[in-house]
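**Student:** The following comprises the amino acid sequence and a computationally predicted model.
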Amino acid sequence: MAGARIEHLVTSGTFSLDGGTWDVDNNVWIVGDDTEAIVIDAAHDAEAIARAVGGRTLRAIVCTHAHNDHIDAAPELAARTGAPVLLHPDDLPLWKQTHPDRAPDAELADGQVLTVAGVELTVLHTPGHAPGAVCLSAPALTALFSGDTLFAGGPGATGRSYSHFPTIIESIRDRLLTLPGETVVHTGHGDTTTVAAEAPHLREWIDRGF
């Protein structure tokens, strides 16, 4: 694990679904060392992400889900780097709304382990915000990459197509809040949090229909 680290950049663009479009800032996470890396959510700006990766070998471009703001730069980043784009197959209908002529390169599956720079990242299928939403658990880095499933302060949104509130609550309760409390949650938008900080609010989220 020597040298493995988490890097972060924020890219800006738009999120579009169900006929609406909103300006958004996205977190892009890079996990790796000085020689290789993976990118989690290639959002908006392939050039900026490629610049952050630099001369390292990009092993994979992992999509936590297929809302356009998380995948819009994925094909271009793949073309620049030769890295495969990985997506859970349940999110293919969403993917095709943004990239109808370019499929992902490989599927993500629950329990799959991705390895980069000696660090294992385990894929957790966490539907609710989107059918194929996944999180990546990296215990060696005390880290969880949650996409839009869990934020500082609550679950991801479930008010639009392909989303379901009871399902996201079940995913968070059963797959994420069971992780060690000190686990740092690296989110798709906004600030990081921890499992311990979010766990006490589960009942409150359910009661409020968050």
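**Tutor:** Cool, the structure landed. Numbering: from 1, shown residues only.

**Student:** Am I right that residue 171 is in a helix?
**Tutor:** Yes. Residue 171: assigned to a helix according to DSSP: H, G, I helix; E, B strand; the rest coil.

**Student:** Quick one, grab the pLDDT at it.
**Tutor:** At residue 171, the model reports a pLDDT of 97.

**Student:** ok, now which ones touch it?
**Tutor:** Shown in contact with residue 171 (CB atoms under 8 Å, 6 or more residues apart in numbering): 125-128, 133, 149. The C-beta positions use only the backbone N, C-alpha and C, and glycine is treated the same way.

**Student:** what's the answer for residue 25, then?
**Tutor:** 10-12, 189.

**Student:** need the strands for this protein, in chain order.
**Tutor:** Assigned by DSSP state E, the strands in the chain fall at 5-17, 20-32, 36-40, 57-62, 85-87, 106-107, 113-116, 119-125, 134-138, 143-147, 150-151, 154-155, 184-187, 193-194.

**Student:** Quick check on the contacts of residue 25: which are buried?
**Tutor:** 11, 189 (16 or more other CB atoms under 10 Å).

**Student:** and which of the contacts of residue 25 is nearest to residue 160?
**Tutor:** Distances from residue 160 to the contacts of residue 25, taken as CB to CB, are shortest for residue 189 (15.0 Å).

**Student:** Tell me if I'm right that the closest one and residue 151 touch.
**Tutor:** Yes. Using CB atoms under 8 Å, residue 189 is in contact with residue 151, at 6.9 Å.

**Student:** where does this protein dip in pLDDT?
**Tutor:** 1-2, 209-210 (pLDDT under 70).

**Student:** can you rerun that using 90?
**Tutor:** 1-3, 201-210 (pLDDT under 90).

**Student:** Closest one of the contacts of residue 171 to residue 71?
**Tutor:** Out of the contacts of residue 171, the member with the shortest distance to residue 71 (by CB to CB) is residue 133, at 12.3 Å.

**Student:** That closest one and residue 123: what is the separation?
**Tutor:** Distance, residue 133 to residue 123, using CB to CB, to the nearest Å: 11 Å.

**Student:** In terms of packing, which of the two has more residues around it?
**Tutor:** When residue 133 and residue 123 are compared for neighbours, residue 133 comes out ahead with 32 against 20, by other CB atoms under 10 Å.

**Student:** For that one, list the residues it contacts.
**Tutor:** Residue 133 neighbours (CB under 8 Å, 6+ apart): 64-65, 88, 91, 125-127, 147-149, 156, 171.
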